[in-house]
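Student: Got a predicted structure here, sequence first:
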Amino acid sequence: MSEVLTRFERKAPAGSDLPVLITPSMPGESLLDAQHRLRSDIESMVSTVGGVLLRGFAVPSVEDFRAFAAGFGHPLLSYDFGSTPRTEVGGGVYTTTEYPAHQSIPLHNEQAYTRMWPMKAWFHCVTPAAEGGETPIADSRAIYRRMPAAIRDRFAPGIIYVRNFGDFDVPWQKVFNTESRDEVEAFCRKAAIRWEWKPDGDLRTTQLCQAIETHPVTGELVWFNQAHLFHISNLQPEVRESLEELLGIENVPRNTYFADGSPIPDAMLDDVRAVLDAETVSFLWEKGDVTMLDNMLIAHARSPFKGPRKVVVAMAEPHDNLDKF
């Protein structure tokens with residue numbers, strides 16, 4: 001699709017085309033200048049393969065990245081009802097999750113723990129880490145197909161997410177971008193979230209969400225949840241034990257349950273994580289890289305890293321299934 005040869009190495013499961021590599025037609029070509037020429041190809045690849053990597057283009061600033069993402073015709077979204085700490089860079093561009101560098105962030109589709117999510121996500125590598133720091137990706141259709149039938153059947157009715165906001169997680173004021181309880185309750189009503197104000201002023205939310213979803217354009221079934229990430233088993237054993245002893249299981253910062261309210265066995269989520277691992281595609285970032293993903297077709301993660309690292313994200317094209325349950 002281009003004339004410039006660019007280095008690209010990846011680790012991927014057999015048969016994976018992720019991500020489609022797109023490079024400049026000439027050295028130093030600006031990503032913004034190339035957008036008109038490439039837009040139809042990018043949109044085609046994102047809607048079929050699920051994600052593209054634009055490498056070798058000139059992206060002088062985060063503002064250029066923002067303009068590129070916005071150039072696909074949808075306003076960039078704010079990060080409402082978030083689950084992790086981020087900083088807004090400006091104009092709908094955010095830092096990626098600000099967890100310590102030594103921690104991994106498991107594969108997930110953005111905001112699949114809600115019933116309202118972005119259909120598109122862009123990532124831009126401003127500063128690659130000296131070591132590690134990849135943003136692994138995986139095909140959610142392939143994950144669904146590989147998932148054992150017994151797990152698919154058990155997850156099919158949906159997953160309940162319970163979140164307790166307070167000292168041990170992101171405070172509700174930051175998650176909902178407000179200090180107003182009335183605004184929190186209005187959002188919860190709109191998003192089909194049950195809420196409870198606890199005596200100490202903290203907030204508990206409970207929401208039944210999809211575990212498997214149908215892509216609204218392609219009609220394909222995708223594995224679309226964050227049960228493994230929110231479940232108490234995602235914590236280090238000693239942290240889990242301490243939180244359960246200190247708070248009680250009903251008050252841990254976050255947890256997931258089957259749709260009928262029963263606990264999800266740790267072993268089942270171990271099997272889920274094994275499927276995610278088997279479908280993972282990974283490559284090292286290079287400075288200036290931009291990826292564009294269909295957020296329902298493609299999950300993403302973060303690998304541990306050393307040294308400074310800056311990757312920013314933008315999201316667009318809201319979608320919901322509020323009429324589903």
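Tutor: Looks like it came in fine.
Student: what sits up against the lengthiest helix in the chain?
Tutor: Across the chain, the longest stretch assigned as helix under DSSP state H is helix 31-48. Residues outside helix 31-48 that contact it (CB atoms under 8 Å, 6 or more residues apart in numbering): 1, 20, 22, 24-25, 51-52, 54, 57-59, 64-65, 67-68, 71-72, 120, 217-218, 290, 292-294. The way it works is simple: take the backbone N, C-alpha and C, and place the C-beta from them, glycine included.
Student: what are the pairing partners of the worst-scoring helix or strand of the chain on mean pLDDT, and which direction each?
Tutor: Sorting the helices and strands of the chain by mean pLDDT, DSSP states H and E puts strand 88-90 at the bottom, at a mean of 80. Its sheet considered, strand 88-90 pairs with strand 93-95 (antiparallel) by DSSP bridges.
Student: What ranges in the protein fall below the confidence cut-off?
Tutor: Scanning the chain for pLDDT under 70 picks out 1-5, 80-86.
Student: Going along the chain, name the helices of it.
Tutor: 31-48, 62-70, 140-146, 149-155, 172-175, 181-191, 227-230, 237-247, 266-278.
Student: tell me the most buried of those helices?
Tutor: helix 227-230 (a mean of 23; mean count of other CB atoms under 10 Å).
Student: Can you give the distance of that helix from its chain's centre?
Tutor: When distances are taken as CA atoms, centre = their mean, to the nearest Å, helix 227-230 is centred 12 Å away from the chain's centroid.
Student: So which of the contacts of helix 31-48 belong to strands?
Tutor: Val20, Ile22, Gly51, Val52, Leu54, Lys120, Val290, Met292, Leu293, Asp294 (DSSP state E).
Student: For beta bridges, what are the partners of the last one?
Tutor: Asp294 forms beta bridges with Lys120, as assigned by DSSP bridges.
Student: And it, how far from Glu317?
Tutor: 9 Å (CB to CB, to the nearest Å).
Student: Who has more neighbours out of those two?
Tutor: Asp294 (25 against 17; other CB atoms under 10 Å).
Student: My read is that the more buried one contacts Trp122, right?
Tutor: No: using CB atoms under 8 Å as the test, Asp294 is too far from Trp122 to be in contact (11.2 Å).
Student: what residues are up against Gly28?
Tutor: Ala58.
Student: quick revisit: need the helices of the chain in JSON lines (columns: distance to Phe305).
Tutor: JSON lines is the format used below for the helices of the chain (distance: least, CB to CB, whole Å):
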{"stretch": "helix 31-48", "distance to Phe305": "24"}
{"stretch": "helix 62-70", "distance to Phe305": "19"}
{"stretch": "helix 140-146", "distance to Phe305": "24"}
{"stretch": "helix 149-155", "distance to Phe305": "31"}
{"stretch": "helix 172-175", "distance to Phe305": "24"}
{"stretch": "helix 181-191", "distance to Phe305": "33"}
{"stretch": "helix 227-230", "distance to Phe305": "19"}
{"stretch": "helix 237-247", "distance to Phe305": "21"}
{"stretch": "helix 266-278", "distance to Phe305": "19"}
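Student: of all these, which lies closest to Asp323?
Tutor: helix 181-191 (12.6 Å; CB to CB).
Student: any residues touching the closest one, and which ones?
Tutor: So helix 181-191 is contacted by 80-81, 114-116, 172, 176, 178, 193-195, 197, 203, 205, 207, 322 (CB under 8 Å, 6+ apart).
Student: With stretch 261-278 instead?
Tutor: So stretch 261-278 is contacted by 13, 106-107, 138, 143, 146-148, 151, 154, 159-160, 227-228, 231, 233, 256-258, 299 (CB under 8 Å, 6+ apart).
Student: Same question for stretch 205-215.
Tutor: By CB under 8 Å, 6+ apart, stretch 205-215 touches 112-115, 144, 152, 155-163, 165, 188, 191-196, 220-225, 227, 259, 294, 296-297, 321, 324-325.
Student: Pull the contacting residues for the residue lying closest to Leu221 once chain neighbours are set aside.
Tutor: Once flanking residues are discounted, Leu221 sits nearest to Tyr144: 5.3 Å by CB to CB, 6 or more residues apart in numbering. With contacts defined as CB under 8 Å, 6+ apart, the neighbours of Tyr144 are Arg152, Ile212, Leu221, Val222, Trp223.
Student: Serialize those to TSV and add fields for distance to Ala267.
Tutor: Putting these into TSV (distance: CB to CB, whole Å) gives the following:
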residue	distance to Ala267
Arg152	16
Ile212	20
Leu221	24
Val222	24
Trp223	18
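Student: Compare these and tell me which is most surrounded.
Tutor: Among these, Trp223 has the most neighbours (other CB under 10 Å), with 29 neighbours.
Student: need the contact list for the residue nearest to the spatial centre of the chain.
Tutor: The residue lying closest to the centre of the chain (CA atoms, centre = their mean) is Glu110, at 2.8 Å. Contact partners of Glu110, counting by CB under 8 Å, 6+ apart, are Trp117, Pro118, Ala121, Asn295, His300, Met315.
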